[in-house]
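Visitor: Got a predicted model here, sequence first, then my questions.
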Amino acid sequence: MIELAAVGGYSEVGRNMTAVKIGNDVVVLDIGLHMENYIHATNDEDVLNISAELLIKSESVPNVDSIRDWEGKVSLIIPSHAHLDHVGGIPYLCGRYPKADILAAPFTAAVLRNILNEEKIRIRNKIKTLDVNARYMQSDEVKVEFINITHSTPQSIIVAIHTKQGIILYANDFKFDLYPVIGKKPDFAKLRLMGDKGVLALIIDSTYAGWYQKMPSESVARQLLRDVLLGADNKGRAIIVTTFSSHIARLKSIVELGIKLDRKVVFLGRSLAKYVAAARDTGIADFTANVEVVKFKRQVSRRLKRIMKEGKDRYLIVMTGHQGEPNSSLYRLAHDELDFRLDPGDHVIFSCRTIPTPTNIANREYLEKLLTKKGARIFRDIHVSGHSAREDAREMISLVRPKHIIPAHAPLEMTSKMAELAYEMGYAEHKKYKYSPVAV
Ligand SMILES: [Zn+2]
């Protein structure tokens, strides 16, 4: 018998975790953080006081107590990609599953190792890497396969768990990008093959299931950036771009456009340094020749002072703080806490979307108010999401033809939109799961 536990991320965006029990073996897919709750809960805490219990209580990580009975059976933990809402809870919770190995694509494994080093957390679980498109034999009953898919961080995979009863397909997160800026196109042939072999259940990213569109390609975001960076007059002005640190493809576009502008590109902030190092170490993208990376707080301020002295129009500055997070580099800059002066007409480009939670919205509004007061020109939403919209989801369902569809990665408002799509495609409502839709 196969049992599936929706441990986290099935009624909210964040702290993703799914456990699949196949006979006596349990495979865990993702252990993620809920970023807002995590920041809130750990803000004033000494690092040494951050325990799994504190994080569970504050809803910063999945409530693993709900699968306590399975604890001793977990043999494998698989993070599907390097976003913190999928991998960030592993350092705190993998200790509960001492027998489990962590199996990840090389980039994801490198990011996890960097987190462990930075936070000085020691774990006993072995971290193993599996190449994208490779297979891993866990036991006679369980085989795992990593299928190449496109998303907003490199080496994102769809995890296929092959069992005697059929395939469990974990598509959390993905979009179908035919023109990716980094990496290969989605492996359509492999997905169709899964459908031929028989998919028992598809766990599917429903973040934008209510958006009636196919999510545009990352190359569209690159074009949006090109329009702003090369098309708006920035002579004599500072250019500051802020985006997701884990979005290596986006960073690559920014760097290439910076070179075109004949400006020196600098990346400021710890999280940028962490992801850029992982991309370099795994051979995905090496910015060493064209980008100066400044990691620590004190160095950031010093570097900005030098930029002011040398002429800020000679630089393209990339920094953290796209959601207006207090203590991020951009927040501190807007607050005059750094040795850098924003002048009227300087450009601030938000290559992101505001993640729509009350805290983020308030933080961003406040940050933009400060920037506007200084006369900065603000360019918002120079961005395309890495998540599937409704029509990507329809294609996924048509390709893999699952017996069951389990909407994930969203509040009920969006998971029910995914269910609605499934009904439209001929699936029926599974009566047993009234409050979190499952279609059969
Ligand atoms: Zn993601």
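Guide: In hand now; what should we look at?
Visitor: any idea what sits nearest whichever residue of the stretch 151-300 of the chain sits closest to the ion, other than its immediate chain neighbours?
Guide: Relative to the ion, the nearest point of the stretch 151-300 of the chain is residue 173 (3.8 Å; Cβ to the ion). (C-beta placed from N, C-alpha, C; glycine too.) Of all residues not flanking residue 173 in the chain, residue 205 sits nearest, at 4.5 Å (Cβ to Cβ, 6 or more residues apart in numbering).
Visitor: Who is that neighbour paired with across the strands?
Guide: residue 408 (DSSP bridges).
Visitor: Does it touch residue 385 like I think?
Guide: No - the pair residue 205 / residue 385 is not scored as a contact, 10.7 Å apart, by Cβ atoms under 8 Å.
Visitor: Which one's more surrounded, those two?
Guide: Applying other Cβ atoms under 10 Å to residue 205 and residue 385 shows that residue 205 carries more neighbours, namely 30 against 19.
Visitor: Look up how far residue 16 lies from the more buried one.
Guide: Using Cβ to Cβ, to the nearest Å, residue 205 is found at 10 Å from residue 16.
Visitor: shared neighbours, the two?
Guide: Among the neighbours of residue 205, those also in contact with residue 16 (Cβ atoms under 8 Å, 6 or more residues apart in numbering) are 172, 408-409.
Visitor: Could you count how many residues lie near residue 165?
Guide: 15.
Visitor: per-residue confidence at it?
Guide: If you check residue 165, the pLDDT there is 94.
Visitor: In the stretch 51-200 of the chain, what residue spans correspond to strands?
Guide: Remark: strands assigned in the stretch 51-200 of the chain by DSSP state E, counting those that start in this stretch are 74-78, 101-104, 127-129, 135-137, 143-148, 157-163, 166-171, 199-205.
Visitor: Using a markdown table, please lay out those strands together with distance to the ion.
Guide: A markdown table is the format used below for the strands of the stretch 51-200 of the chain (distance: least, Cβ to the ion, whole Å):
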| stretch | distance to the ion |
| --- | --- |
| strand 74-78 | 14 |
| strand 101-104 | 14 |
| strand 127-129 | 19 |
| strand 135-137 | 22 |
| strand 143-148 | 15 |
| strand 157-163 | 11 |
| strand 166-171 | 11 |
| strand 199-205 | 8 |
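Visitor: Take those strands and write them to CSV, including distance to residue 246.
Guide: Shown next, in CSV, are those (distance: least, Cβ to Cβ, whole Å):
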stretch, distance to residue 246
strand 74-78, 18
strand 101-104, 14
strand 127-129, 18
strand 135-137, 24
strand 143-148, 18
strand 157-163, 15
strand 166-171, 19
strand 199-205, 16
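Visitor: So which of these is nearest residue 389?
Guide: Comparison of the strands of the stretch 51-200 of the chain against residue 389 by Cβ to Cβ identifies strand 199-205 as nearest, at 10.1 Å.
Visitor: how big is the angle separating that closest one from strand 157-163?
Guide: 160 degrees (axes from the mean of the first three to the mean of the last three Cα atoms, to 10 degrees).
Visitor: Which other helices and strands does strand 199-205 contact?
Guide: Judged by 3 or more Cβ pairs under 8 Å, 6 or more residues apart in numbering; DSSP states H and E, strand 199-205 is in contact with strand 166-171, helix 390-400, strand 404-408.
Visitor: let's go with 10 Å and repeat that
Guide: In terms of contacts (3 or more Cβ pairs under 10 Å, 6 or more residues apart in numbering; DSSP states H and E), strand 199-205 is packed against strand 2-8, strand 17-22, strand 157-163, strand 166-171, helix 188-197, helix 390-400, strand 404-408, helix 412-424.
Visitor: what number of residues lie near the residue of the stretch 151-300 of the chain closest to the ion?
Guide: Neighbours of residue 173 (other Cβ under 10 Å): 28.
Visitor: who's in contact with it?
Guide: Applying Cβ atoms under 10 Å, 6 or more residues apart in numbering, we find residue 173 in contact with 16, 30, 80-81, 83, 85-86, 149-153, 156, 158, 204-207, 385-388, 408-409.
Visitor: Mind putting the shared contacts of residue 205 and residue 16 into a markdown table with pLDDT and neighbour count?
Guide: Listed next are the shared contacts of residue 205 and residue 16 as a markdown table, based on pLDDT from 0 to 100; neighbours: other Cβ atoms under 10 Å:
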| residue | pLDDT | neighbour count |
| --- | --- | --- |
| 172 | 95 | 28 |
| 408 | 95 | 27 |
| 409 | 93 | 29 |
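Visitor: ok, so of these, who is nearest residue 224?
Guide: Among the shared contacts of residue 205 and residue 16, and counting by Cβ to Cβ, the member closest to residue 224 is residue 409, at 24.6 Å.
Visitor: tell me the contacts of the residue lying closest to that closest one once chain neighbours are set aside?
Guide: In space, and not counting its chain neighbours, residue 409 is closest to residue 205: 4.8 Å by Cβ to Cβ, 6+ apart. By Cβ under 10 Å, 6+ apart, residue 205 lies in contact with 9, 16, 80, 149, 151, 158, 170-175, 386-388, 392-393, 396, 407-410, 414, 418.
Visitor: Show me the domain layout of this structure.
Guide: Split into domains by automatic domain parsing, the chain comes to 2-214+386-424, 218-379.
Visitor: deepest of the ones you listed, which one?
Guide: Most buried of these by mean neighbour count (mean count of other Cβ atoms under 10 Å) is domain 2-214+386-424; its value is a mean of 20.
Visitor: Look up phi and psi at the nearest residue to residue 72 once chain neighbours are set aside.
Guide: Take residue 72 and drop its neighbours on the chain: the residue closest to it by Cβ to Cβ, 6+ apart is residue 99, 7.4 Å away. When read as degrees, to the nearest 10, the backbone of residue 99 gives phi -80, psi -10.
Visitor: I'd guessed residue 99 sits against residue 75; true?
Guide: Yes - counting by Cβ atoms under 10 Å, residue 99 touches residue 75, with 6.2 Å between them.
Visitor: and this protein, which of its residues are near the ion?
Guide: 83, 173 (Cβ under 5 Å from the ion).
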